[in-house]
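Visitor: starting from these lines, generate the structure:
(one chain, ligands or ions: 2)
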Amino acid sequence: MGRTDYLDRLNDKQKEAAMHTEGPLLILAGAGSGKTSTMTCRIAYLIREMGVSPYNILAVTFTNKAAGEMRERVADLIGEGVNMWILTFHSACLRILRYHAEVLGYGRDFAVYDPTDQKSVIKGICKDLNIDTKKFNPNYFLSQISKCKEARISPKQYCNEFGYDFKEEMVQSVYEKYEQTLQKNNAMDFDDLLLKTVELFEKDEAVLLKYQNRFQYVMVDEYQDTNMIQYTFVKMLADARDERGNVRNNICVVGDDDQCIYQWRGADIRNILEFEKDFPGAEVVKLEQNYRSSANILAAAHSVIEHNRDRKQKKLWTDAEDGSKIIYQRLDNERDEAYFVAGEINRLSGGRYNDFAVLYRTNAQSRTFEEALSRREIPYRVLGGLRYYDRKEIKDIMCYMRLVQNKADNLALVRIINEPKRGIGGKSIEKLTAQAAGQGKSMFQLLMDPEVLSQFGNKQSMALKEFAELIERYSAEKENMKISDLYDALLVNSGYLKALEDQKTIEAESRIENLMEFKSVIYDYEKDEPDLTLAEFMERIALLADVDNHDTDENAVVLMTLHSAKGLEFPYVFMPGMEDGLFPGWRAFDRPDGLEEERRLCYVGITRAKERLWMTSAETRTIYGKMDYTRESQFLHELDKNLIEGDGIYEKKEKSVAGAFKDGAAESAPYKPFDQLKYAKQQTKQRAAAMEKAKSESFKVGDIVRHPKFGEGKVVECTDKTIRVEFADEARKLALGFAPIEKV
Ligand code: ATP
Ligand code: MG
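Guide: Ligands and ions are numbered 1, 2, ... in the order given. Reported below is the predicted structural model:
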């Protein structure tokens, strides 16, 4: 027996849970009540006091970071050198499959395909099946296949599930071939790791028995976010029999139904809500004391989450001091919001920046904070994501603009020549680079040369020609265009936006959000300096993007989404953007449980804070390039007003939407926030289309035309390629077919 002082640090309930070692156990408790800590102590208790071999324990969680932290904490409690399975679901399954893949017809040295590998497989299949990958993006097939694997829908069942239309039948055949190809290549994808492990257990009883015997103690953290396959996996392991043939069910799960925030990705909240039904005789331990937050913060969290109807009643208490109230500020706009946050951090930090976290709803919000923090020279790091200007899609579109600005920019050209995919591989790019160097020309010049293009296959040379014409066209017109128009035109006419839309994945959607948010940057500049040229704009952005304030060492403010903050804690937390439509996001109103899931996310956010919490909103917000009046988040209204200090809930704001409420008809209709993202996308397409249309218009002297930048003017001269227009202040020569002019 070792020293049990680590147990003495637990409260009675926690101790009860840590020492409950046989039979199913559910630790269902709110945030910060020590669930993860209790689980860690339980592992130590099993090993140190109960003499259980670490070999017999399996603990799984969701992220490598969480698993790593848990391993460390256990090592602290029991001494070093413990080689125990404290792993993510994926890595646990991978280890099992390495030993038994043969049962499923794979070799033990099977490969694990990452998304890039998966995509090449799909492309090959599309080629064989004569599917045009321009019309049907490989990522679309992949996301459908992934959905199927999570729900255990086989290729054969596909059409039964999704219908027998042309498209579904096509996906089915791709899915079928995909499965065959992976088998043939002796490879599995990430979804397979879980799925195949479950299949292995079903197929070979001896193998299942082996793991049931080995893992006599199964533990799962963040159980509320498990999906169907993960559930099946742990359920099968726990289904072991003891000597008398009784089901052992030695499973301990830890979680909080109020923190289930991944339903949109297949998590099934029923797993935790029905635990007692699934595992009869389950002991349920509810931890009721919160050790993380001040009393006011905790009360604030409750006052919000209480509005969810579909939840198990539970309430935390704390003997912590009341602490400060929640500080709420409504600012004029999103820039002021970010400056307010940076100002508060500057005022309070005393140089300890890592005590602060800014938790936002969408990645697109990070930009204004990055700028404000940089200006104040406050170090920050963006967790679980890239800095705004480091994001791939932002860099890509900037390269389009750079190339339009300066056609000799070979670096920019190389980056985007195959973005979106134009079938230009690394070899072709090398060839072009070498030729350009040899002839002392820019790569762009080569692309304008039909002889150079003739070295490429038909399809490639067409694509390259189109690409070069696009750059040439906007380069000729750049002086006459508003930067925002140019931006929209490039996004659409390069095919970049469409390629993302076709992917229909969460990642692609978030890239589109970022691209739309870039319009806010441009509008900001256009508003302040209407005469800003493209060259000047690019310079400003280059400087911003370069600001070397992206501190990677520990002493930095952390910026991240609310989703990625799950399980973490910080002394000081900011929750910006408390506005309907942003948080809760407008998408929440499309799904029946959407609003409740957003509210859980709000609860997760509030409960990250130990000492102080700020919430902010902006009276007007320019997001995705569209400025709009906002309404304060309904979550703010739900929050107990006695706990708030600052603006209180601002009443003035009702002015922008008050009409909608007084109006009898509107009163009964549920409020649906304005979908700014959708608007931004539509606007981008409309403008690009208008510019395309202008290409085919013909003009004659005397026509009155309208130009988005110069207003109305009169045509005074026409040649085949240009027209001269007299605008109010000056006359300008415009390239025919490229300038965005329309007849009035
Ligand atoms: P979450 O729901 O956010 O994942 P959790 O329930 O897993 O939270 P922990 O992260 O385990 O909670 O603990 C929250 C904080 O409370 C930690 O700082 C932990 O050290 C502290 N804590 C937990 N139990 C006790 C205790 N009995 N006495 C003092 N502090 C405790
Ligand atoms: Mg935890």
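
Visitor: ok, the lengthiest strand in the chain near ligand 1 or not?
Guide: Looking across the chain with DSSP state E, the single longest strand is strand 609-623. No. Judged by CB under 6 Å from any ligand atom, strand 609-623 stays clear of ligand 1, getting no closer than 7.8 Å. Yep, even glycine has a C-beta here, placed from its N, CA and C like the rest.

Visitor: partner strands of the next helix or strand after that strand and their direction?
Guide: The element immediately downstream of strand 609-623 (helix or strand, assigned by DSSP states H and E) is strand 626-629. Counting by DSSP bridges, the strands paired with strand 626-629 are strand 609-623 (antiparallel).

Visitor: buried residues in the strand it pairs with, which are they?
Guide: Within strand 609-623, the residues that count as buried by 16 or more other CB atoms under 10 Å are 609-619, 621-623.

Visitor: quick check, nearest of these to ligand 2?
Guide: Nearest to ligand 2, judged by CB to the ion, of those is residue 610 at 14.2 Å.

Visitor: relative to the whole chain's centre, how far out is stretch 735-744?
Guide: 39 Å (CA atoms, centre = their mean, to the nearest Å).

Visitor: which other residues reach it?
Guide: 473-474, 476-477, 480-481, 485, 489, 687, 690-691, 693-697, 699, 703-708, 712, 719-723, 725, 734 (CB atoms under 8 Å, 6 or more residues apart in numbering).

Visitor: so which of those residues are in helices?
Guide: Within those, residues falling in helices by DSSP state H are 473-474, 476-477, 485, 489, 687, 690-691, 693-696.

Visitor: now the residues you listed: which count as buried?
Guide: For the ones in helices among the contacts of stretch 735-744, a burial check counting by 16+ other CB under 10 Å picks out 473, 474, 476, 477, 485, 489, 687, 690, 691, 694.

Visitor: and the fourth one, how close does it get to ligand 2?
Guide: With the distance defined as CB to the ion, to the nearest Å, residue 477 ends up 56 Å from ligand 2.

Visitor: can you start the count at 842 instead of 1 from here on
Guide: With 842 as the first residue, the last one maps to residue 1318.

Visitor: what residues are up against that residue?
Guide: Counting by CB under 8 Å, 6+ apart, residue 1318 makes contact with 1327, 1575, 1576, 1579, 1580, 1581.

Visitor: how many neighbours does the third one have?
Guide: By other CB atoms under 10 Å, 13 other residues sit near residue 1576.

Visitor: how much space between it and residue 1552?
Guide: According to CB to CB, to the nearest Å, residue 1576 stands 18 Å off from residue 1552.

Visitor: what sits closest to residue 1009 if chain neighbours are left out?
Guide: Distances taken as CB to CB, 6 or more residues apart in numbering place residue 1003 nearest to residue 1009, at 4.8 Å, with adjacent residues excluded.

Visitor: same question, residue 1521
Guide: Nearest residue to residue 1521 in three dimensions, chain neighbours excluded: residue 1465, at 3.7 Å (CB to CB, 6+ apart).

Visitor: ok, residue 1035 next?
Guide: residue 1070 (4.6 Å).

Visitor: helices or strands up against the helix or strand harbouring residue 916?
Guide: Assigned by DSSP H and E, residue 916 falls within helix 905-919. Helix 905-919 sits against helix 876-889, strand 898-902, strand 926-929, with contacts defined as 3 or more CB pairs under 8 Å, 6 or more residues apart in numbering; DSSP states H and E.

Visitor: for the stretch 942-1091 of the chain, just list every one of the helices.
Guide: Ranges of helices within the stretch 942-1091 of the chain are 956-969, 979-992, 999-1003, 1007-1025, 1031-1044, 1046-1055, 1069-1079, based on DSSP state H, counting those that start in this stretch.

Visitor: want to throw those into JSON lines with distance to residue 1310 and mean pLDDT?
Guide: Formatted as JSON lines, the helices of the stretch 942-1091 of the chain follow (distance: least, CB to CB, whole Å; pLDDT from 0 to 100):
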{"stretch": "helix 956-969", "distance to residue 1310": "26", "mean pLDDT": "85"}
{"stretch": "helix 979-992", "distance to residue 1310": "27", "mean pLDDT": "90"}
{"stretch": "helix 999-1003", "distance to residue 1310": "40", "mean pLDDT": "91"}
{"stretch": "helix 1007-1025", "distance to residue 1310": "32", "mean pLDDT": "93"}
{"stretch": "helix 1031-1044", "distance to residue 1310": "40", "mean pLDDT": "95"}
{"stretch": "helix 1046-1055", "distance to residue 1310": "60", "mean pLDDT": "95"}
{"stretch": "helix 1069-1079", "distance to residue 1310": "49", "mean pLDDT": "95"}
